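>>> Requesting a structural model of the entry that follows:
(3 chains)
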Amino acid sequence: MTRSASVPVTAWPPRSRRATGASPRLLLGALAVALLALLVVSLGVGRAPLDLAAAAAQWWRGEQTLATLVLTELRVPRALLAILVGGSLGLAGAALQGLLRNPLAEPGIVGVSSCAALGAVIAFYSGWSVAVPLALPFGGIAGALLAVLLLYALAGRNAGTLTLILAGVAINGFAGAATALALNLAPNPYAVTEIVFWMMGSLSDRSMTHVQVAAPLILLGLGLLATSGRALDALTLGEDAAISLGVPLARLRAQLVLGTALAVGASVAIVGAVGFVGLVVPHLLRPLVGHQPSRLLLPSALGGAVLVQAADIAVRSIPLGAELKLGVVTALLGAPFFLWLVLRLRQESAG
Amino acid sequence: MRLRTSIAALGWWICSGVPALAQGHAAGISAGLPPPATVPQRIVSMNLCADELVLRLAAPGTVRSVTWLARDPLISNVARQAQQVPVNRGLAEEIVPLQPDLVVAGTYTTRTTVALLKRLKVPVLELDVPSNLSAALQQIRRVADALGRSAEGAAMVADMEAALARVQAGSKSGPEADRAGAAPSPRPVAAVYSPNGFTVGAGSMVHELLTRAGLRNLAAERRIDNYGRLPLELLLVAQPDLLIMNAIDDRPPALAYEVLRHPALRQAFRPAQIVTVPPAWWTCAGPHLVDAIALLARAAQEAQAQQGSATRSAHAAVPP
Amino acid sequence: MRLSACDITVRAGATPLLRGVSIDAAPGELLGLIGPNGAGKSTLMRVLAGVRAADQGQVLYDARTAAQIGRRALAQRLAYLPQGGGSAWPLNVEALVALGRVPHRGAFGAADEAGPAAIARALDATDLSALRTRTVTTLSGGELARALLARTLAVDGDALLADEPVAALDPCHQLEVMGILRQRADAGGTVIVVLHDLALAARFCDRLVLLHGGSVAAQGRPDDVLTDERLAQVYRVRALRLRPDLASPAAVLPWQRVASTEPFLEASP
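Sure, this is the predicted structure:
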């Protein structure tokens, strides 16, 4: 029986392998513990020397001191955003990969993050977000929505890896150029240099206001994405088989498009485009969940949060003069990983 | 409105950041012009700081053009005067047809135009950014000499020195010092906070303004050199008495201003502790420098009064 | 489940793919859909499975439409094996077969109590129990085909629609798969299968529907449908008919392409 080109069995090494995966509870538990540990570490790391235990105790007692100020206004928002943004990127990566049946799909590569940045840049520098704070995440969401719709138009149905990557290149190119144009035209001269923030991302000096504005939208998007597991499982067999298994395909697409746009769009609007999280995390976790899309969703969210939290801690711990941008760290990890992945896929398809 | 902010930002950046390069040149660089044989009659200025000195010191009718920034009241102290004079954007095609007999420019900007003018044998006076008051006063004298208006220059310098003396005398004879027997309170600590979290270190003009106003510069005490960032956490933990910022209307928006609007700053500093200085007052060499010092000195005195009378609220033990 | 298609018309743009097709499949029956390339067999299968909507006409499942039954209920009762399928992810065989239980799974992974038993039965029927932990990418073509068939068996539905399940299999596996489908029909299921192989169709199916150019050219028992005139007209071939013994039905072997003046070769009985 030939394997149809329309449902690519991506080139995994043809070794006989137990693909049952670890127990899901064990994996989720381990990730949750790691996340909590990193959260505590993150609250304790910063430029100012802070006695975390003392500050937490004071906060608990309701005292308002300098230490609690630093803790609640600077460190807590940073840690919360790391979790929300990391979770969004990880989950969106896993969901996009399930929908497009391609392990290379990820918000950064396919252009969703850069389009979200474009939307946010327009909302911010035009002054809309000064008037209406919610305009900022909605700008990001609008940009992300545009990207996903474009992606689907270009590479949605049974498109191979090549088409998907080309679509991503096209969308990234367009978004990057448009963002540069928008920043160039922005009235404030700082704008041109701020492209670094939008393209690389940073959690520095975020406040609870940012969290309040973005969190509801991110959580809504995460909810939409997290409930698509069953349908993604069925999609493993192709669209026709999935429909016959009762998957409402159009509704699923809408759910995933909207969920990705909400989660990634709002995240990028607040923090900038952080890349590669949605590629690395699902890829590493997939073998541990037996390659089943539904079992990959929640672990990818937790894993993404763990990765971003760890990267943010690294960014603050490395004693360079200027603080490294978050996206630089994830890119340093993710880009070589991406290269390795492409090489491996090439080897497999040739061999 | 948009441009004023942009140039205020740039001016602020140049004057507070770039002086690191000029640190060794307290006297300032110039093109080393000899006093002109004749008084220049067609003066062109290609630099915001030069605009102010030229418009203040030159003989009426001799100024052919100043930069367009000079008309923005937020960043220019001579906006009214600049309305009477044509403006340029520092482009060679604008300057050369004016056939100037003296061009005043900055050492760090409009380089290509200046190079062209020099090739055309036009006299060019280049002004750097003075990193302290005496360099600023020297610059005023030098510009006046090049304009053939030495007397006016000397008068301006004298006025400034007198005003400065008044300000400093006022601050020394503050209410605290008058109280017999009481040891004077230590001078308040001020932190200057700019877009992107930059501050000013020792060796810059702003540092001297602070010092003369009776303040201590947080960045200097932490040994942050001329052009350095002060992370928000460190700023909060250092608990300076005063937070000094540029009085910039932050529209149009930029990410650079986000840190200045962080809720933590509003919670850590009472409104009385936040001092805003109009950017035009401390961007360029000129009489308004003394106004800036006076503003800072008043803030310093109030902070000292607060220190003396109010009890400090208990702050958590933060290890130094 | 009784499946009835009434007057189905499907168009792709202006081109009609199916014209006024009506067929009927009863429980316990193995119905073969045959016809030359481009006759519309796969399109008809997709319409019967509810994957594609017909432009005109309707499909009734036990006298009710898909909308009346409900998407999930229909998915639990009707299993569809598309042509040339595969797996996008390297699952193991058991996980692949378990995908057939998706219609029975609750929204948040609620328990599917009949699941494990159904999966085990499906693996058993397709002789894959020994391979249940193998990754699907390590399977041979025949094994993968059986795994995908096992997936449809795991649905445990009343109807099974298979589109060219044996197209690229070797003879041994072809017979194996047809045998499984036959067993399913004998056990009371409604099985519809698209086949290119006339010999298999004639041998295993209870009834055949011959499609030609988007409409039904003939339907009925294999002997009645696969007459010489029909074969010449629709397939443009002549066939040998061999009877291994008196008890077995005749085997129909396409033997020669038809040109108008070629003499007809009789096989010796």
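>>> what about residue B:166, neighbour count?
The number of residues packed around residue B:166, counting by other CB atoms under 10 Å in any protein chain shown, is 12. In short, each C-beta sits where N, CA and C put it, glycine included.
>>> Give me the secondary structure label for it.
Going by DSSP: H, G, I helix; E, B strand; the rest coil, the secondary structure assigned to residue B:166 is helix.
>>> which residues touch it?
Shown in contact with residue B:166 (CB atoms under 8 Å, 6 or more residues apart in numbering or on different chains): no residues.
>>> quick one: it from residue B:293, how far?
Note on residue B:166: its distance to residue B:293, by CB to CB, to the nearest Å, is 10 Å.
>>> Could you do residue A:342 as well?
Using CB to CB, residue A:342 is found at 62 Å from residue B:293.
>>> When these two are compared, which one has more neighbours?
Neighbours around residue A:342 and residue B:293, counted as other CB under 10 Å, are more numerous at residue B:293. The numbers are 28 against 13.
>>> tell me the mean pLDDT over the helix or strand where the more buried one lies?
In the assignment (DSSP states H and E), residue B:293 maps to helix B:288-309. Mean pLDDT, computed over helix B:288-309, is 88.
>>> Give the other helices and strands that that helix contacts.
Applying 3 or more CB pairs under 8 Å, 6 or more residues apart in numbering or on different chains; DSSP states H and E, we find helix B:288-309 packed against helix B:150-172, helix B:175-178, strand B:189-192, helix B:205-212, strand B:242-246, strand B:274-277, helix B:279-283.
>>> And it, how far out from the chain middle?
Centroid displacement of helix B:288-309 relative to its chain, using CA atoms, centre = their mean, to the nearest Å, is 17 Å.
>>> buried sites along that helix?
Buried residues in helix B:288-309, counted by 16 or more other CB atoms under 10 Å in any protein chain shown: B:288-304, B:306.
>>> do stretch A:238-252 as well
Under the neighbour-count criterion of 16+ other CB under 10 Å, stretch A:238-252 has A:238, A:239, A:240, A:241, A:242, A:243, A:244, A:245, A:246, A:247, A:252 buried.
>>> what angle separates the helix holding residue B:293 from helix B:205-212?
With axes from the mean of the first three to the mean of the last three CA atoms, to 10 degrees as the basis, helix B:288-309 and helix B:205-212 are set at 50 degrees to each other.
>>> Tell me which residues are up against helix B:288-309.
By CB under 8 Å, 6+ apart, the residues outside helix B:288-309 that reach it are B:77, B:133, B:136, B:160, B:163-164, B:167-168, B:170-171, B:174-176, B:185, B:187-188, B:190, B:205, B:209-210, B:212-215, B:241-242, B:244, B:272-273, B:275, B:277, B:280-282.
>>> Just the buried residues of the residues you listed.
The neighbour-count criterion (16+ other CB under 10 Å) marks B:77, B:133, B:136, B:160, B:163-164, B:167-168, B:171, B:174, B:187-188, B:190, B:205, B:209-210, B:212-215, B:241-242, B:244, B:273, B:275, B:277, B:280-282 among the contacts of helix B:288-309 as buried.
>>> got the contact list for the residue lying closest to residue C:234 once chain neighbours are set aside?
Residue nearest to residue C:234 in three dimensions, not counting chain neighbours: residue C:212, with 4.7 Å by CB to CB, 6 or more residues apart in numbering or on different chains. Going by CB under 8 Å, 6+ apart, residue C:212 touches C:35, C:36, C:39, C:233, C:234.
>>> change it to 6 Å
C:35, C:39, C:234 (CB atoms under 6 Å, 6 or more residues apart in numbering or on different chains).
>>> picking up where we left off before, which ones among the buried residues of stretch A:238-252 are found in helices?
Counting by DSSP state H, the buried residues of stretch A:238-252 place A:239, A:240, A:241, A:242, A:243, A:244, A:252 in helices.
>>> Just the pLDDT at the last one, thanks.
The score at residue A:252 is 92. That number is its pLDDT.
>>> cool, and the second one?
Looking at residue A:240, its pLDDT reads 93.
>>> Quick check: it vs residue C:47, distance?
For residue A:240 relative to residue C:47 (CB to CB), the value is 12 Å.
>>> So for those two, which residues contact both of them?
Common contacts of residue A:240 and residue C:47 (CB under 6 Å, 6+ apart): none found.
>>> How about residue A:100: what's its closest non-neighbour residue?
residue A:164 (6.3 Å).
>>> Any stretches of the stretch 101-250 of chain B with poor pLDDT?
Judged by pLDDT under 70, the stretch 101-250 of chain B has its weakly predicted residues at B:172-185, B:224-227, B:249-250.
>>> Pull the contacting residues for the one residue in it that gets nearest to chain C.
Using CB to the nearest CB, the closest approach of the stretch 101-250 of chain B to chain C is made by residue B:233 at 42.1 Å. In this structure, residue B:233 makes contact with A:46, A:47, A:48, A:70, A:74, judged by CB under 6 Å, 6+ apart.
>>> Fine, thanks again, bye for now.
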